[in-house]
Structure formats: structure tokens, C-alpha cells
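Trainee: pasted the sequence and its predicted model underneath.
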Amino acid sequence: MDSFSATRERSDELHAAITAHPEKFRVLTGERPTGALHLGHYFGTISERVRLQRLGVDLFVILADYQVITDRDGIGPVRENVYSAVLDYLAAGIDPSRATIFTHSAVPALNQLMLPFLSLVTEAELHRNPTVKTEEAASGRALSGLLLTYPVHQAADILFCKGNLVPVGKDQLPHLEQTRVIARRFNELYAPVFPEPQALLTATPHVPGLDGRKMSKSYGNAIQLRMTADETAALIKRTATDSERRITFDPDARPGVSALLTTAALCLGTDETTLAEQIGDGGGAGLKKLATDAVNEFFAPHRARRTELAANPDIVKSVLREGNRRANEIAETTLDEVRAAMGTVY
């Protein structure tokens, strides 16, 4: 059995174990607040977080604001992005009384774990990480120390709270394996402080941008969760399709048409081929109307709740204040254990 098949088999076992004993699991998940959250975030990660929390799993959600500059020249409107993300979390159903939502920069003890963790990895191991290699090739500039050590930052994010379960897609497995290696090496060298977190493989759907490329704010092809119904309709209307009347699902030959089919299918709980047959010879206009109606109907409750929450800015500040307080409390406790294990308590 290859390593991915073994990981898949173990992940299937974990899904069953979570249902039976959710109280045994602590999940660490999150994102870099580089812009407004969009449909890709919702269907790829947020809905899974809500599901896990409703099962009773202890949920930690990190907004990794320091890591925004991993591959960027500046941090941008990071505060606005953080507040916007929290609104979307709450609107989607994440319960802040049962989840810890916090910002990376507000937890100094988390970052203090970086020093001992960096001593446990080699430069060669960091250079081999697929994300580091991809970002270095894409940036066209010298590799920064922050990008090179990105996998170790993620290890600190996971291990500071002793997360033992991390929802990931297949391409994120190398990051998690680096975290497992760091935990194992620390435990063997000093004392058994950290769990080796398990990968919970998620059936993350591929959510393309409206033009068929990767969904990105910079491409202008993303339907943001905070958009109004009219803004959504206008964005979909501008999407390039083609002149062929018959609607078919063909991501390579018809990226715009296929991306709209995928977007509508996710919202309607069906598949692209079924929708294409339903539209038939309705052409681009018929497809765009169906996609617009599907998105706006699906996200109407989310948007209504978000608008209600946004009317009171103190709600978001309160959520972050409490989340940061709890994250700091746990990080300090973990750091104390690390110092004791290393013999650096004076």
C-alpha cells in the first residue's frame, strides 16, 4: 500500500472515531488573512469546520496575520481582512463560545516555539517542502527566511495547542508530515510533550474562479462571501463564456462555462453534467441566470446573518479578545512544558 493510500485509510478510521468520541480531538485550522473570504474558502474549509464543531470537536481557528508576508512585500489591510473573516466564520455557524478564534500575532508564546523547532529540522528538509519550492519558483525573487521556514511556523501553529487532528487536502500533507517529524524529534530528544497530529483528509471540492483559473482576488474571479446579491449578479454577468448555445461541462475547452457549472452545482448539491443537460441549449444567458440564482439563494441566510453581525463591530472584537486570551493561556502553558523539558527553567 502506498503512503497516500495508507493515509486515506487512516483518515477514514479517524472520521469514524470522531463520530464516536469527538471529545478526544482538537483541530487546528485557519488561513492567512490576505483578502476577503470567498466561495472557495466556504466549500473548501469553513463548512467542514462547522461540521466538526457540531460533532463536538474542540476547534481552534488561527488567522495567521504574521504569515501574510510569507510571500508578499507588505501586510496590506490585514485588520480589515481579519475582522471580515471573523464575520464570515460567525455567519457560517462557527460558535465562538465553543471555538477558539485567534490571531497569530497576538500569541507571543506560540512564536517562541520557533527557536527549538528550527533546531530540529535541516535546511535541506525545508528546501524540499513542495510549498516552499512552488512559491520560490513563482515569486521570481530571492527566497526569504520567512518563506523558507514557513513549514516550521505551521508546526508551531498546530503544536502550541497540542492539536492532534488537522483537516488537509492531499497537497498539504508534506506540511503536516513536517509537523509530525518536529513533534517526534522533540519528544525523543527532550520529553514527550507533543502529540503527533493526524491528517484528516477532506473531500475538498475544486472550486475554480469564474474564469476557470484558480479563485483569487488578484484575478477578480472570486465571489466573495460578503458580496451582495446584486454584486454577485454583476460579477457573474461579466464572466466570459462562449458563443456556443449548447451547454457542456468541459473545463479544458470551456473554462468559463465549466466554472459557472461547478459554482452552481456546489450551491445546488448536484453535479455539473446534470446541470448542463438541464440548461441544454439555453446558452450563456441561461447558465448565468441559473448560477446567479443558485449562489444568491444558497448564501442568502449567510449574508443576512453577516449583515446583522456587522452592525455591531464590538462582537468581532469581543470574539478575538476572548480567543486571543485563551490561545495565550494555552501557549504559555505549553511553553512552560517545553522549557521544563529542555531544562531552561531558572
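Mentor: Great, that's in hand.
Trainee: which stretches of the chain have low pLDDT?
Mentor: For the chain, the stretches flagged by pLDDT under 70 are 1-2, 139, 204-205.
Trainee: strands of that one, start to end?
Mentor: For the chain, applying DSSP state E gives strands covering 26-31, 58-63, 99-103, 165-168, 198-201.
Trainee: closest to residue 159 out of these?
Mentor: When these are compared by C-beta to C-beta, strand 26-31 sits nearest residue 159, at 8.6 Å. Using the backbone N, CA and C atoms, a C-beta is placed for each residue, glycine as well.
Trainee: what's the closest one in contact with?
Mentor: 37, 41, 45, 49, 52, 57-64, 85, 157-158, 161-167, 197, 200 (C-beta atoms under 8 Å, 6 or more residues apart in numbering).
Trainee: now the strands of the chain in TSV, with distance to residue 3?
Mentor: Shown next, in TSV, are the strands of the chain (distance: least, C-beta to C-beta, whole Å):
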stretch	distance to residue 3
strand 26-31	22
strand 58-63	27
strand 99-103	31
strand 165-168	14
strand 198-201	11
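Trainee: which one of the ones you listed lies closest to residue 337?
Mentor: Of all the strands of the chain, strand 26-31 sits nearest to residue 337, with 15.6 Å by C-beta to C-beta.
Trainee: just the angle between the closest one and strand 58-63, please?
Mentor: Note on geometry: by axes from the mean of the first three to the mean of the last three C-alpha atoms, to 10 degrees, strand 26-31 and strand 58-63 are set 20 degrees apart in direction.
Trainee: for the remainder of this discussion, apply numbering that starts at 778.
Mentor: Yes, from this point I'll number from 778; that puts the last item at strand 803-808.
Trainee: next one: strand 803-808 to chain centre, how far?
Mentor: Chain-centre distance of strand 803-808: 8 Å, with C-alpha atoms, centre = their mean, to the nearest Å.
Trainee: stretch 844-860 too?
Mentor: With C-alpha atoms, centre = their mean as the basis, stretch 844-860 stands 15 Å off its chain's centre.
Trainee: not counting its own residues, what contacts that stretch?
Mentor: Stretch 844-860 has contacts (C-beta under 8 Å, 6+ apart) with 809-813, 840, 842, 880-881, 912, 915-916, 921, 923-924, 927, 930, 1090, 1093, 1097.
Trainee: residues in contact with residue 1042?
Mentor: Counting by C-beta under 8 Å, 6+ apart, residue 1042 touches 1048, 1049, 1051, 1052.
Trainee: thinking again about what came up before, separate out the buried members of the contacts of strand 803-808.
Mentor: When those are checked for burial by 16 or more other C-beta atoms under 10 Å, the buried set is 814, 818, 822, 826, 829, 834-841, 862, 934-935, 938-944, 974, 977.
Trainee: among the strands of the chain, which comes closest to residue 1072?
Mentor: Nearest to residue 1072, of the strands of the chain and by C-beta to C-beta, is strand 803-808 at 21.1 Å.
Trainee: can you dump the C-alpha coordinates of the closest one into CSV?
Mentor: Extracted C-alpha coordinates of strand 803-808, given in CSV (Å, rounded to 0.1, in the frame of the first residue of the first chain):
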residue,chain,number,x,y,z
ARG,A,803,-8.6,19.1,19.0
VAL,A,804,-8.4,20.5,15.5
LEU,A,805,-6.2,23.4,14.4
THR,A,806,-7.2,25.0,11.2
GLY,A,807,-7.2,28.5,9.7
GLU,A,808,-5.9,30.7,6.9
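Trainee: good, we can wrap up now.
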